[in-house]
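# Sequence first, predicted model second:
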Amino acid sequence: MDVLGGKRHAVPPVWIMRQAGRYLPEYRETRKKAGSFLDLCYTPEFAIEVTMQPIRRFGFDASILFSDILVIPDAMGRSVRFEEGRGPILEPIASEEVDGFVAGNSEWGALAGRLKLVLEAVTGIRAELPDETTLLGFCGAPWTVATYMIAGHSTSDQAPARLFAHRHPEAFQAMLDILADRSADYLVKQLEAGVDAVQVFDSWAGVLDPACFKQYCVKPVKRIVDSVRARMPDARIIGFPKGAGMNYREYAARTGVTALGLDWTVPLDFARELQKQVPVQGNLDPTRLVAGGAALDEGIDKVCEALGDGPHVFNLGHGITPDTPVAHVEQLLRRIRG
């Protein structure tokens, strides 16, 4: 929280995206008990347990609520399920359905019943966490959530959503607006339930041209930030537009986010320039963590040397992968903390 407030720490705080995940044997055991992935997300007992697992094992400086970005469309009445080997599967939304989707979700109350269980998990996590450990909440950015809603699954370049946006611009804008409004409500509820800060994940920001990036990534996230801050002026919000390239600069300047999460393709000299605008988070290549050894040490050292003179939260440039050895996470923490 110090770093998000603009302070520099000689040893940067560290957490890892997807730190509660399949690389941990204790997570895999809990996942078996839960049944489906959504049951894992919606059962407070299980969500609390898996959120706490990496904190108990590694003592990260932040925990992050265990959930998924697609609980928002699920709570908004769009069928969501997760299939082994395929990931999320949704009932695709057609352009003619958008008006009904918007009308049916015009107030937070339409989502409250479904997401109450997630908020119960937040309260339980905060009660179990050490006082010095930050609790992060999150949501998916409207563009990224919309890509799954339109295609019905993940694709390599999210062409279905890009085409939808070009062919049905008014319907697409209405989707983004309603997703932004309900996501802002969701983040406020998480903050009220006990999270210290929140992150907005825009995992598919990198597939858009500059004009579409401004319209579909920057504007909806600004809408979220403005809405949250209207109710909670001191809210700290990390924006993570993965793959944004040079568009990171505009995103940092125009969205109003407190801090900027950087993916591993961002050059460190550019990251230093961004750090003059806002605190930054990142950005080790997750494959270095899988490799371990000298490759991992070299990557850690370069990130810390480049960003150590300003406010920096150490993290990966995307989520930890299931094939990551636990010993390599221990190596990472030893290298950072000395």
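Great, that's in hand. Numbering: from 1, shown residues only.
# For the rest of this, base every contact and every neighbour count on C-alpha atoms.
Will do.
# Following the chain past the strand or helix carrying residue 306, name the next helix or strand.
Applying DSSP states H and E as the criterion places residue 306 in helix 293-307. For helix 293-307, the succeeding helix or strand toward the C-terminus, using DSSP H and E, is strand 312-316.
# which helices and strands does that following strand pack with?
strand 280-284 (3 or more C-alpha pairs under 8 Å, 6 or more residues apart in numbering; DSSP states H and E).
# What's the mean pLDDT across the strand it packs on?
For strand 280-284, mean pLDDT rounds to 97.
# For it, what is the distance to the chain centroid?
13 Å (C-alpha atoms, centre = their mean, to the nearest Å).
# For the remainder of this discussion, apply numbering that starts at 333.
Okay, residue one is now 333; in that scheme the one you just asked about reads as strand 612-616.
# Any buried residues in that strand, and which?
The neighbour-count check on strand 612-616 (16 or more other C-alpha atoms under 10 Å) flags 612-616 as buried.
# Tell me the strands beside it, with direction?
For strand 612-616, the paired strands and their directions (DSSP bridges) are strand 591-593 (parallel), strand 644-648 (parallel).
# Residue 490 is nearest to which of those?
Checking those against residue 490 by C-alpha to C-alpha gives strand 591-593 as the closest, at 21.4 Å.
# Tell me the buried residues in the lengthiest helix in the chain?
Secondary structure of the chain per DSSP state H: the longest helix is helix 501-525. By neighbour count on 16+ other C-alpha under 10 Å, the buried set for helix 501-525 is 503-505, 507-523, 525.
# chain center to it: distance?
Using C-alpha atoms, centre = their mean, the offset of helix 501-525 from its chain centre is 15 Å.
# name the helices or strands packed onto that helix?
In this structure, helix 501-525 makes packing contacts with helix 403-407, helix 430-436, helix 441-460, strand 466-472, helix 474-483, helix 491-499, strand 529-534, helix 551-563, judged by 3+ C-alpha pairs under 8 Å, 6+ apart.
# now what about it, what contacts it?
404, 427, 430-431, 434, 437-440, 451-452, 454-455, 469-475, 478, 496-497, 529-530, 548, 552-553, 555-557, 559-560, 563-564 (C-alpha atoms under 8 Å, 6 or more residues apart in numbering).
# a markdown table for the buried residues of strand 612-616, including distance to residue 399?
Output for those, formatted as a markdown table (distance: C-alpha to C-alpha, whole Å):
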| residue | distance to residue 399 |
| --- | --- |
| 612 | 23 |
| 613 | 21 |
| 614 | 21 |
| 615 | 22 |
| 616 | 23 |
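# Let me know the closest of those residues to residue 649.
residue 615 (4.0 Å).
# any idea how far that closest one is from residue 667?
15 Å (C-alpha to C-alpha, to the nearest Å).
# and if you look at residue 446?
Separation of residue 446 from residue 667 (C-alpha to C-alpha): 42 Å.
# With only the CA atoms kept, save the helix holding residue 638 in CSV.
Extracted in CSV, the C-alpha atoms of helix 625-639 (Å, rounded to 0.1, in the frame of the first residue of the first chain):
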residue,chain,number,x,y,z
GLY,A,625,18.6,-21.1,-12.0
ALA,A,626,20.6,-18.4,-13.6
ALA,A,627,17.9,-17.4,-16.0
LEU,A,628,15.6,-16.6,-13.1
ASP,A,629,18.2,-14.7,-11.1
GLU,A,630,19.2,-12.7,-14.2
GLY,A,631,15.6,-11.7,-14.9
ILE,A,632,14.9,-10.7,-11.3
ASP,A,633,18.1,-8.6,-11.1
LYS,A,634,17.3,-6.7,-14.3
VAL,A,635,13.8,-5.8,-13.2
CYS,A,636,14.9,-4.7,-9.7
GLU,A,637,17.9,-2.7,-11.1
ALA,A,638,15.7,-1.0,-13.7
LEU,A,639,12.8,-0.1,-11.4
